[in-house]
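Chemist: Quick one: sequence plus predicted model below, questions after.
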Amino acid sequence: MGIFDRIRGLGRRTRRQGPFFPPGSIVTERVPHHVAIIMDGNGRWASRRRLPAMAGHREGARALKRTVEAAIQSGVRQLTVYSFSTENWSRPVEEVHGLMDLMGEMLERELPELHEQGVRITFVGSRDKVDANLVRRFEDAEATTLANSVLDLFVAFNYGGRQEIVDAVRRAGRAGLTAEQIDQDVVSANLYAPHMREPDLIIRTSGELRLSNFLLWESAYSELYFSPLLWPDFGPAEFARAIEDYAGRERRFGSRRTEDLA
């Protein structure tokens, strides 16, 4: 059984059954180091079932848990998820409040297990407008998991790619750098999470074909995978398909293939 079959099988296992497959048994040469996901489709999932939007978001939280487990078992080392964008404040007030409450509930419920699994959590985005109590939960989660090294989980919350670039340039300016001194390395070093590597693979669910202001600086050479599934329906099988698709690609970063130069 290959790596992708193993990842797909995650959905048929339970935590009580122990590891999905023995540690170190995965061949990782073609597994992306960093996968980023635009988790889209919660609202449509709920609407199609004539349920309130928050029912879709709660089901999406379950999909996230499945995906984190799949990422760990596949050998992915960094996972970034687009949880709440700067544009999401324009949604109905009840939904925004519900999303804030859901994030707090998820941290309280899932943090112990994530910590046990060796997940390091980092929240990327602006803390402006976010309730102070929730910000404290963010800080506690980051401090609790700081020494973990199995998986870096970056949660993009109140995040916007353009604003991240603006904030990075402003941070460099406040450090006393002149315009001539600010280059690509300086901008990268002043992003929200300098220890985040550029994503090898970006997955977007729900069939939409755009980045929606997500990791604009970091995604310059990322491979893109668009899934037709709504996020609550996403799981290990589709995660494996995305990685398998990525594994079959040739990344050239602007260069030409050797055979093209012959």
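Modeler: Cool, the structure landed. Predicted, not measured: the structure shown is a model, and the values here were computed from it.

Chemist: List of residues touching the lengthiest helix in the chain?
Modeler: Longest helix in the chain, counting residues (DSSP state H): helix 93-116. Here helix 93-116 makes contact (CB atoms under 8 Å, 6 or more residues apart in numbering) with 53-54, 57-58, 61, 65, 68, 83-84, 88-89, 121, 130-131, 133-134, 137-138, 141, 144-145, 148, 153, 157. Just so you know, the C-beta spots here come from the backbone N, C-alpha and C atoms, and that holds for glycine as well.

Chemist: Just the buried ones from the residues you listed, in PyMOL syntax?
Modeler: The PyMOL selection below is limited to those of these classed as buried (16 or more other CB atoms under 10 Å):
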select buried, resi 53+54+57+58+61+68+83+84+88+121+130+134+137+138+141+144+145+148+153+157
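
Chemist: Check which helix or strand the residue lying closest to Val187 once chain neighbours are set aside maps to.
Modeler: Among residues not flanking Val187 along the chain, Ala168 sits closest, at 5.0 Å (CB to CB, 6 or more residues apart in numbering). Using DSSP states H and E, the element containing Ala168 is helix 161-174.

Chemist: What's the first helix or strand after that helix?
Modeler: Helix 161-174 is succeeded, C-terminally, by helix 184-189 (DSSP H and E).

Chemist: packing partners for that next one?
Modeler: helix 161-174 (3 or more CB pairs under 8 Å, 6 or more residues apart in numbering; DSSP states H and E).

Chemist: count of residues packed around the closest residue in space to Ile165 that isn't next to it in sequence?
Modeler: Nearest in space to Ile165, with sequence neighbours left out and distances taken as CB to CB, 6+ apart, is Trp217 at 5.4 Å. Trp217 is flanked by 15 other residues according to other CB atoms under 10 Å.

Chemist: measure Trp217 to Phe226 for me?
Modeler: Separation of Trp217 from Phe226 (CB to CB, to the nearest Å) stands at 21 Å.

Chemist: cool, and Glu113?
Modeler: Distance from Glu113 to Phe226, by CB to CB: 30 Å.

Chemist: So for the two, which residue has more residues nearby?
Modeler: Using other CB under 10 Å, the more surrounded residue of Glu113 and Phe226 is Phe226, with 16 against 13.

Chemist: hmm, back to that, the residue nearest to Ile165: helix or strand, and which one exactly?
Modeler: Going by DSSP H and E, Trp217 is not part of any helix or strand.

Chemist: does Ser83 belong to a helix or a strand, and which?
Modeler: strand 78-85.

Chemist: Pairing partners for that strand, with directions?
Modeler: strand 34-38 (parallel), strand 151-159 (parallel) (DSSP bridges).

Chemist: Give me the nearest residue to Tyr225, chain neighbours excluded.
Modeler: Ala242 (4.4 Å).

Chemist: burial count for the one you found?
Modeler: Neighbour tally, Ala242, other CB under 10 Å: 24.

Chemist: Report the inter-axis angle for the strand or helix carrying it versus strand 34-38.
Modeler: Per DSSP H and E, Ala242 falls inside helix 236-247. Put simply, helix 236-247 runs at 120 degrees to strand 34-38, going by axes from the mean of the first three to the mean of the last three CA atoms, to 10 degrees.

Chemist: measure the residue nearest to Trp89 when sequence neighbours are not counted to Ala156 for me?
Modeler: Nearest residue to Trp89, sequence neighbours excluded (CB to CB, 6+ apart): Val96, at 6.4 Å. In this structure, Val96 and Ala156 are 16 Å apart, going by CB to CB.

Chemist: more crowded one of the two?
Modeler: Ala156 (27 against 15).

Chemist: OK, contacts around that one?
Modeler: Here Ala156 is in contact with 80-85, 124-125, 214-215 (criterion: CB under 8 Å, 6+ apart).
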